[in-house]
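A.B. asks: Give me the fold of what follows.
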Amino acid sequence: MLNEKIEHAFNAQLNAERYSSDLYLSMAAWFYSQNLPGFANWMRVQAKEEDAHANKFFDYILARGGKVILSEIGAPPGRWDSPTAAFENVLSHERKVTGLIHDLVDLAAAEKDHSASSFLRWFVDEQVEEEESAERVLSQARMASGSPAALLMLDREFSTRTFTPPAQARRETQAQE
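C.D. replies: Numbers count the residues shown, from 1 in each chain. I've put the predicted structure just below:
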C-alpha cells in the first residue's frame, strides 16, 4: 500500500510526464510548420516515450493500492526561435525531470519505501539516457545552425527514429489478455 506522501508525489510525477509528452508534441507541431518532418518525427517519438513514462507511474500507483489523480497540466509553448532553441528547451526540460526523479528517490528513501525505490531505479537510468540524447541532438542542431543543407541532412536522419516501448508493466499486460 502506498503511503500518502508517496502517492501524492507519484501522482505529481505522472502529471509531469503528461506535460512532457504535450511539450514534445507541441514541438513536433512546430517542426511540421517549419517543414522539418524529421525533427517533428523525433519529437513525436519523444512524446510517446513520455506517455509510456506516465503510464508506468499510473500502473505502479494502482498496483500499490493507490488512487490515480489526473490534474490539469497546462499548455506548453507553441513556438521556438530555431531548431537549436527547441533542443535547448528539450535539454533544460530533461534536466528538470531528472531533478524531479531524484527528489522522488530521496522521498522513497526517507519514507523507507523500498518498493518505490526499486521502481524509481528504472527512471534514474532512463534520465541518464534522456539527457545524453538531448545533449547529442542539441550539439548536432548547433553544428547544423546556419547551414540549410546540414539542417536538411539532420532532418532526414531524425526521420528514421522509431519508438520502442519500455518493458510492459504487469497490470498493463494483464489488461491486454
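A.B. asks: And stretch 89-97, what's buried?
C.D. replies: Within stretch 89-97, the residues that qualify as buried are 89, 90, 91, 93, 94, 97, counting by 16 or more other CB atoms under 10 Å. All C-beta atoms are positioned from the backbone trio N, CA, C, and that covers glycine.
A.B. asks: For residue 23, see how far away the residue nearest the centre of the chain is.
C.D. replies: With distances taken as CA atoms, centre = their mean, the residue of the chain nearest its centroid is residue 50 (3.5 Å). From residue 50 across to residue 23, the span is 8 Å (CB to CB, to the nearest Å).
A.B. asks: Could you report the pLDDT at the residue nearest to the centre of the chain?
C.D. replies: Turning to residue 50, the model gives it a pLDDT of 96.
A.B. asks: Show me where the protein has its helices.
C.D. replies: For the chain, the helices defined by DSSP state H cover 4-33, 37-63, 83-110, 114-144, 148-158, 170-176.
A.B. asks: CSV for the ones you listed, including distance to residue 76?
C.D. replies: Below are these laid out as CSV (distance: least, CB to CB, whole Å):
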stretch, distance to residue 76
helix 4-33, 4
helix 37-63, 11
helix 83-110, 9
helix 114-144, 16
helix 148-158, 20
helix 170-176, 26
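A.B. asks: In the protein, what helix or strand scores lowest on average pLDDT?
C.D. replies: Ranked by mean pLDDT, DSSP states H and E, the weakest helix or strand in the chain is helix 170-176, scoring a mean of 49.
A.B. asks: Isn't residue 47 up against residue 29?
C.D. replies: No - applying CB atoms under 8 Å as the test, residue 47 and residue 29 come out as separate, 10.3 Å apart.
A.B. asks: Where does pLDDT dip in this protein?
C.D. replies: 168-177 (pLDDT under 70).
A.B. asks: roughly how far out does stretch 112-129 sit from the chain middle?
C.D. replies: Stretch 112-129 sits 15 Å away from the centroid of its parent chain (CA atoms, centre = their mean, to the nearest Å).
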